[in-house]
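*Asks:* Pasting the sequence and the predicted coordinates here, then a few questions.
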Number of protein chains: 2
Amino acid sequence: MILENLKVKPISMETGRNIVLLNEEDVKDLGAYAGDRIKVTTPRGSLVVIINTARTLVQKGEIGTSIEATKALDVQSGDIVSVALAPYPQSARAIRKKMRGEQLSEKEVFAVVDDIVAGNLSTAELTAFVTAQYIREMTMDEIVALTRRMVDSGEKIDFETSPVMDVHSIGGVPGNKYALITVPIVAVTGLPVPKTSSRAITSAAGTADVMEVLTNVSLSAEEIKRIVRKIGATLTWGGALKLAPADDVLIGVERILSIDPRCQLLASVMSKKIAAGADHVLIDIPTGPDSKVESLEEARSLAHDFLELGHRLRVQVETALTYGGQPIGYAIGPALEAQEALETLAGKGPGSLVEKSISLAGIMLEFGGVANYGMGRQMAFDILNSGKADKKFREIIEAQGGDPNVKPEDLPIGDKRETVTAPHDGYITNVDNHRIINIARAVGAPRDRGAGIKIILKKGHKVGKGEPLFEIYAEHEKKLDDALSLAKRYPPIKIESILLERLTHTPRAG
Amino acid sequence: MILENLKVKPISMETGRNIVLLNEEDVKDLGAYAGDRIKVTTPRGSLVVIINTARTLVQKGEIGTSIEATKALDVQSGDIVSVALAPYPQSARAIRKKMRGEQLSEKEVFAVVDDIVAGNLSTAELTAFVTAQYIREMTMDEIVALTRRMVDSGEKIDFETSPVMDVHSIGGVPGNKYALITVPIVAVTGLPVPKTSSRAITSAAGTADVMEVLTNVSLSAEEIKRIVRKIGATLTWGGALKLAPADDVLIGVERILSIDPRCQLLASVMSKKIAAGADHVLIDIPTGPDSKVESLEEARSLAHDFLELGHRLRVQVETALTYGGQPIGYAIGPALEAQEALETLAGKGPGSLVEKSISLAGIMLEFGGVANYGMGRQMAFDILNSGKADKKFREIIEAQGGDPNVKPEDLPIGDKRETVTAPHDGYITNVDNHRIINIARAVGAPRDRGAGIKIILKKGHKVGKGEPLFEIYAEHEKKLDDALSLAKRYPPIKIESILLERLTHTPRAG
């Protein structure tokens, strides 16, 4: 069945996919249902899109086109097109196969990625794919195919040299601003480090959010190449490039379902790093209670998969399991973290942040070939202490368009503040990552750059009743109240008296 | 974070769920993403809905409401509302639990059904649930809870008597108009049979589509009760009632994914039958190549599950495995099938249709308590031959508002016709259900009531080159051409010469 002479009516709606709206009468005449695929033929060509049903927004004889569909079809208001039911695509067949638990061929994985990028899959099909990935998992062969095609489906940067270093933390621990210290340390030795990062999705601040307090992070591939050639490193927002666009679509679905299938995590990280031009990648896996990976066994198994995937894709991968059981450093929130990073580069950083930054930098120096095995950490520490990393970092800030002379105290920290104190004497036995993140988000991070938390005392410290535990910084009074009431209901810092439990010996009967 | 003073802008779009549109700026300010749940507070109350993002259709400060959301929120254009991020509901947690392969408690299953009916789940969550049902399957405890809650979530008919009979075929075989013969046979004995049926979803004609050629099928619960009390039976469209509405939402997702999870099939069939008031249900499972259930083992296992589910829900269930390897009777398409049913009731029906109709009626007479074990089929055959079933069927037609004196030749059969002939001599070795259905749909069934196929020769018949195999009936010339070209590309009737294969004996070497 073909419907002819439909009049295009662009609808200013973002759907993330090529969706068209037909009047319910036309949908019935077509023998179709919402969610079905139809082939739209325009004077200039044809394209398969997904239909939704409208009652009155789109009249019989009209075809409403989403912002994406209007662009993809290259049509404008009043254009005349025809539509017909489209055959079931190979990618949808492949998704059902994965649902049944069968392994997909390289060709089938490619078809899925291609149709994701082309916007040819409905939300239901995308979700079925992610759900099947989560439940059925994927073999290394499938993950390799997935990663390869995700790389090829988007923009790629070629630095025409090797090694090109990068480091990526799989996240889950707040205050994780190590990259602002690690990257300049490595760059001082001449190793190129075009680090790309994400913005916060569910955390209080992504590396790109923190860096953006200091300089511009939305750079083009050409600008990144130019700066890396000149000064050796950049710290930019990966989202400004079109790296592995299929990954962003799948991440959207994962977010709604609050799941993170391991196979997709592997493909996601590696595809973005490879597309950004890196061939030597260090993966940081924060491990500990309330972090993304809770046990060492799980962390080791994930590390093994990253190593295997890197080997299959001919990328040098190293992995580091770092302690992620409480925040890194003391500052959480974009401006507060940028401040702490500047202080750390100036030699006045907290132990946990210095330790993490130089440990990761040390591994990179060793597998980048500038330090002997076992000597990287000390070399990184020396570079940090010499002031050269601070200088390099300011070169990066300047090259990306920021002020190289910025001082920690210049940064716009929220001026509405409140200190939370200990309700009783005791020892701090836990700083809960999730609760810290929730409070920081409630107070406005990452959107309000100056909002966040400064922890005063961490695990193991003795504390007296009324002593300060942490400070909350806000840009808006209302959000400060929200965050305070959240901190009261779900205290992020646990204080216990030294006597945790009392066991009494009872003489056995008989 | 709360957004205050949003102005309601109703959007005339059907989404099947309570969806609101916010401008992308407002979505960001809220710290939310498309697909998230927000609580909308109106002057009259509050409700949790799902947000989508708009660029220009909805401006900053506006809130676009889908047709469903406008109704559910009880708002109109210009009303002022506020929105805030809503907590993650229990049902979404339960869906994730099912994805992990854990068994859901009764309470969790109830939460999922309730949120489906309330429109609180996003497409992604609905799909994740159906996909998890398909991959992880459900225990009988879960299926019982699912069925119970689906029954309770919609309209229910109570006939205040027992037994109340019903029969349901799980489908997959074309030409399956048995109910128009079976139901009146059973009703003749005084057993009440308020049969509800569906319209075609992927088939060429549902029982409701066929019956609608003869009379009105959209009856209310009150009308059904009144007619059943008076003449003992109805044949109506279940969709006119609000039976188990959660089921319809899930069926929409299953259709897009082309999957039919067994647990959902069980819950779907039983919930609709129970809600429609039946307490004695016969389940017909057509079995054979190219039907829904291909092997006897699979059919028996499914039958066992239906019996167990009936037992748990205190409904008398019987199951019948019938041959479904080729169409039932010769006619496919609403008017053609109605014609064949009338002819069969008049004693001039084809063997396969008579056989199926009286076999199923016989089982119903036995477990309804009016025939002794083993005697039902003969009693049904006698009733059919006596003309009493024909008379009863015409009473049903009249009670529902149709012409009781309708003759087979009165029915509006498509006047554009073409006969397809045998391309060579041979034996008919296969009549392909899927291909027959596809051709019937291409020629316009079920929307064009007079469109369809009349098969002339079925499996096992000898045929000479040029002899007629089947006729295609159309209401529109264009569709006749479409169907003919489809029949040419994918011949639905396979003819093989008697010598199927030639095996030559080769003397073994050595």
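*Replies:* Nice, I can see it.
*Asks:* so what pLDDT did the residue most central in space within chain A get?
*Replies:* Relative to the mean C-alpha position of chain A, the nearest C-alpha, by Cα atoms, centre = their mean, is the one of residue A:198, at 4.7 Å. Residue A:198 carries a pLDDT value of 88.
*Asks:* Equivalent analysis for residue A:253, please.
*Replies:* 89.
*Asks:* so what's it closest to, chain neighbours aside?
*Replies:* For residue A:253, ignoring the flanking residues on the chain, the nearest one in space by Cβ to Cβ, 6 or more residues apart in numbering or on different chains is residue A:130 at 4.7 Å. C-beta: built from backbone N, CA, C; applies to glycine.
*Asks:* Taking helix B:123-136 as reference, get the angle to the host helix or strand of the one you found.
*Replies:* If you go by DSSP states H and E, residue A:130 is part of helix A:123-136. Relative orientation of helix A:123-136 versus helix B:123-136 (axes from the mean of the first three to the mean of the last three Cα atoms, to 10 degrees): 40 degrees.
*Asks:* Could you list the buried residues of helix A:123-136?
*Replies:* Along helix A:123-136, these residues count as buried under the neighbour rule (16 or more other Cβ atoms under 10 Å in any protein chain shown): A:123-136.
*Asks:* Equivalent analysis for stretch A:53-60, please.
*Replies:* Applying 16+ other Cβ under 10 Å to stretch A:53-60 flags A:53-54, A:57-58 as buried.
*Asks:* Quick check: mean pLDDT of stretch A:337-344?
*Replies:* 98.
*Asks:* State the distance from residue A:197 to residue B:432.
*Replies:* 56 Å (Cβ to Cβ, to the nearest Å).
*Asks:* got it, and residue A:351?
*Replies:* Applying Cβ to Cβ, the value for residue A:351 to residue B:432 is 74 Å.
*Asks:* out of these two, which sits in the more crowded spot?
*Replies:* More crowded of residue A:351 and residue B:432, by other Cβ atoms under 10 Å in any protein chain shown: residue B:432, with 20 against 9.
*Asks:* what are the phi and psi angles of the closest residue to the more buried one other than its chain neighbours?
*Replies:* Distances taken as Cβ to Cβ, 6+ apart place residue B:492 nearest to residue B:432, at 4.9 Å, with adjacent residues excluded. Main-chain dihedrals, residue B:492, degrees, to the nearest 10: phi -80, psi -20.
*Asks:* show me the contacts for residue B:492.
*Replies:* Listed by Cβ atoms under 8 Å, 6 or more residues apart in numbering or on different chains, the contact partners of residue B:492 are B:431-432, B:435-436, B:439, B:470.
*Asks:* repeat for residue A:358
*Replies:* Neighbouring residues of residue A:358 by Cβ under 8 Å, 6+ apart: A:181-182, A:185, A:377, A:380-381, A:384.
*Asks:* Excluding residues flanking it in the chain, which one is nearest it?
*Replies:* Counting by Cβ to Cβ, 6+ apart, residue A:380 is the residue found nearest to residue A:358 once chain neighbours are left out, at 4.1 Å.
*Asks:* Look at that neighbour and give its secondary structure.
*Replies:* Classification of residue A:380 using DSSP: H, G, I helix; E, B strand; the rest coil returns helix.
*Asks:* Might one say that it is in contact with residue A:366?
*Replies:* No. Using Cβ atoms under 8 Å, residue A:380 makes no contact with residue A:366, being 9.8 Å away.
*Asks:* Within range of chain B, give me the residues from the stretch 51-200 of chain A.
*Replies:* The stretch 51-200 of chain A has residues A:52-57, A:67, A:88, A:92, A:95-96, A:99, A:101, A:122-128, A:130-132, A:134-136 near chain B, with proximity defined as Cβ under 8 Å from any Cβ of the partner chain.
*Asks:* of all of the stretch 251-400 of chain A, which residue lies closest to chain B?
*Replies:* Ranking the residues of the stretch 251-400 of chain A by distance to chain B (Cβ to the nearest Cβ) places residue A:256 first, at 4.0 Å.
*Asks:* burial measure for that residue, as a count.
*Replies:* Neighbouring residues of residue A:256 were enumerated by other Cβ under 10 Å; the total is 22.
*Asks:* Thanks a lot, see you next time.
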